[in-house]
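Colleague: need a 3D model of the following:
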Amino acid sequence: MIDPIQAFMQANSLVTPLFPPESRYHGIAAVQAAQPDGTVVAYLKRRFVPPPENFSLLQEHMVTAGDRLDNLAARYIGDPSQYWRICDANGAIRPDELTETAGKRLSITLPEGVQGVIDAS
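Modeller: Numbers count the residues shown, from 1 in each chain. Got it, this is the predicted structure:
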């Protein structure tokens, strides 16, 4: 059961969000459920991986042996903790699948919803 006061405060920015804006969980609602024994369990609602077509391509990366997503995120995005953006851009549910095969092409994209510049030349 959601506390109505907490829900009001979150909806009206009167409380600090649970996760910072750069987190993949930013904006995901926290809810509570009462178990049959009366125990209350708090959890985050499900986060769905957005479809890859929601992203504007910046460039591609050809996977080589030893590549790691955190290192690729540091190289292309400037922050290793943003590896999840590479996962989202490539529709990965399991992050390790992206770097396990050398020669695979990974899309490096802008964040979801940010449009790239259209080349008119």
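
Colleague: which residue ranges form the strands in this structure?
Modeller: Taking DSSP state E, the strands of the chain run over residues 30-34, 40-44, 57-62, 105-109.

Colleague: go through the ones you listed and pick out the most buried.
Modeller: Of the strands of the chain, the one with the most neighbours on average (mean count of other C-beta atoms under 10 Å) is strand 105-109, at a mean of 18. Quick note: C-beta positions are derived from backbone N, CA and C, even for glycine.

Colleague: give me the distance from that strand to the chain's centre.
Modeller: Per C-alpha atoms, centre = their mean, to the nearest Å, the displacement of strand 105-109 from the mean C-alpha position of its chain is 15 Å.

Colleague: again, but for stretch 69-87
Modeller: So, by C-alpha atoms, centre = their mean, the centroid of stretch 69-87 is 11 Å from its chain's centroid.

Colleague: which residues of this protein score low on pLDDT?
Modeller: Scanning the chain for pLDDT under 70 picks out the ranges 1-16, 118-121.

Colleague: tell me the centre residue of it?
Modeller: Compute the mean C-alpha point of the chain, and by C-alpha atoms, centre = their mean the closest residue is R24, 3.4 Å away.

Colleague: roughly how far does it sit from S81?
Modeller: Using C-beta to C-beta, to the nearest Å, one gets 10 Å for the distance from R24 to S81.
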